[in-house]
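K.L.:
Compute the structure for the input listed below.
(one chain, ligands or ions: 1)
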Amino acid sequence: MIPAQFDYVAPESLDEALSALQSDEEAKVLAGGHSLVPLMKLRLAAPSLLVDLRRVPDLTGIERENGGWRIGAMTTHFAVSHGGLGLVSTAAGTIADPQVRYRGTIGGSLAHGDPASDMPAVLLAAGGSVVVRSAQPPGEREVPADALFQDYLTTAVSGGEILTSVRLPALDGYGFGYQKFNRRKEDWAMVAVCALVKKGADGSCEDVRIGLTHMGSTPLRATAAEQALQGRGLDAQTIAVAAEQAAEGTEPPADLNATAEYKRHLARVLCRRALEQASQ
Ligand SMILES: Cc1cc2nc3c(=O)[nH]c(=O)nc-3n(C[C@H](O)[C@H](O)[C@H](O)COP(=O)(O)OP(=O)(O)OC[C@H]3O[C@@H](n4cnc5c(N)ncnc54)[C@H](O)[C@@H]3O)c2cc1C
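P.N.:
Numbers count the residues shown, from 1 in each chain. Predicted structure coming up:
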């Protein structure tokens, strides 16, 4: 439970933080530390240098940007949960316990890319993106959610880069539902499903986006269920038929809590409930 030896810096600007990262190939960014530090204590990660972002200005806060939302990477789960961002705030409020929500950050969760985390599937379903800065080559790039999550704990944010903000479309007119199944309220999701539904003037489904948490090595969209609902009525029977397809094409990892088949069952049930919530 004691990490390997490491150096630590807490730079006061983004440029300093980027050059500290450049100075050491084994350096890692430290945000809330609620994923990285446990890994270091288990010696599953052994960075030689931690570059703490907590003193870097302009990395926190939620603001309107180009008709959507910009969330600073160091914004805590607690702040996001109280940010009035619909689905995103609701999902952030289910993360662990207050201790984790006060320290853990949205940028840390997305850069880490744990498929059991709540935010990755929400970003994917919402069609959001992240903004990433690097020193070498110098510049900034925007990575859409469907290109961000590459494999288990592997994202498109490379070692020398810093995720600076998260961009979300406003999704005005969408209803949302969030369903997370775990044994204890503060646990990680065994499976979670988020749904965004836009109703047309006749009450039918004009658009639907469904995100799956912990149903594979990355967050997923339930595309078969989406296609089954698109353009159809939003009555209980149609939703139930669409939700039956929630686990199509998924290969959920079995673990101590659930077999793969049980996770598929959870995905179908939670998808139905999330769609019902989103369609109200
Ligand atoms: C007991 C417990 C229960 C938890 N339960 C849940 C849960 O139910 N749902 C959930 O979603 N999460 C859960 N978490 C994880 C928590 O949400 C973490 O806060 C989050 O996964 C990582 O955010 P962080 O700010 O702590 O990142 P850190 O731990 O500091 O960093 C994580 C990784 O991301 C990198 N990184 C961090 N920030 C940046 C950045 N801005 N740019 C580039 N790279 C960066 C780091 O180098 C590191 O590799 C839990 C954690 C604990 C300890």
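K.L.:
quick one, strands of this structure?
P.N.:
7-9, 27-30, 49-52, 62-65, 68-72, 129-135, 138-144, 149-151, 154-155, 161-168, 174-181, 191-199, 205-213, 220-221 (DSSP state E).
K.L.:
Dump those into CSV; add mean neighbour count and distance to A242 as well.
P.N.:
Where you see a C-beta, it was placed from the backbone N, CA and C, and this is true even at glycine. Putting the strands of the chain into CSV (neighbours: other CB atoms under 10 Å; distance: least, CB to CB, whole Å) gives the following:
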stretch, mean neighbour count, distance to A242
strand 7-9, 13, 50
strand 27-30, 21, 40
strand 49-52, 19, 45
strand 62-65, 13, 32
strand 68-72, 21, 27
strand 129-135, 20, 27
strand 138-144, 12, 25
strand 149-151, 16, 24
strand 154-155, 17, 30
strand 161-168, 23, 25
strand 174-181, 22, 13
strand 191-199, 26, 10
strand 205-213, 25, 8
strand 220-221, 22, 13
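K.L.:
Ok, which of these comes nearest T94?
P.N.:
Among these, the nearest to T94 by CB to CB is strand 174-181 (5.2 Å).
K.L.:
Which residue comes closest to A126 once chain neighbours are left out?
P.N.:
L168 (5.6 Å; CB to CB, 6 or more residues apart in numbering).
K.L.:
quick one: the one you found and V88 touch, right?
P.N.:
Yes - between L168 and V88 there is a contact at 6.4 Å, judged by CB atoms under 8 Å.
K.L.:
list the residues that contact both of these two?
P.N.:
I71, A126 (CB atoms under 8 Å, 6 or more residues apart in numbering).
K.L.:
can I have stretch 143-155 written out in PDB, keeping just the CAs?
P.N.:
Coordinates of each C-alpha in stretch 143-155 appear next as PDB, following Å, rounded to 0.1, in the frame of the first residue of the first chain:
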ATOM      1  CA  VAL A 143     -11.100  14.900 -29.600                       C
ATOM      2  CA  PRO A 144     -14.700  13.800 -30.000                       C
ATOM      3  CA  ALA A 145     -16.000  11.300 -27.500                       C
ATOM      4  CA  ASP A 146     -16.200   8.500 -30.100                       C
ATOM      5  CA  ALA A 147     -12.400   8.800 -30.800                       C
ATOM      6  CA  LEU A 148     -11.400   9.300 -27.100                       C
ATOM      7  CA  PHE A 149     -12.000   5.900 -25.600                       C
ATOM      8  CA  GLN A 150      -9.700   3.500 -27.300                       C
ATOM      9  CA  ASP A 151      -9.500   0.400 -25.000                       C
ATOM     10  CA  TYR A 152      -9.500  -0.500 -21.300                       C
ATOM     11  CA  LEU A 153      -7.900   2.500 -19.400                       C
ATOM     12  CA  THR A 154      -6.600   3.700 -22.800                       C
ATOM     13  CA  THR A 155      -7.600   7.100 -24.200                       C
END
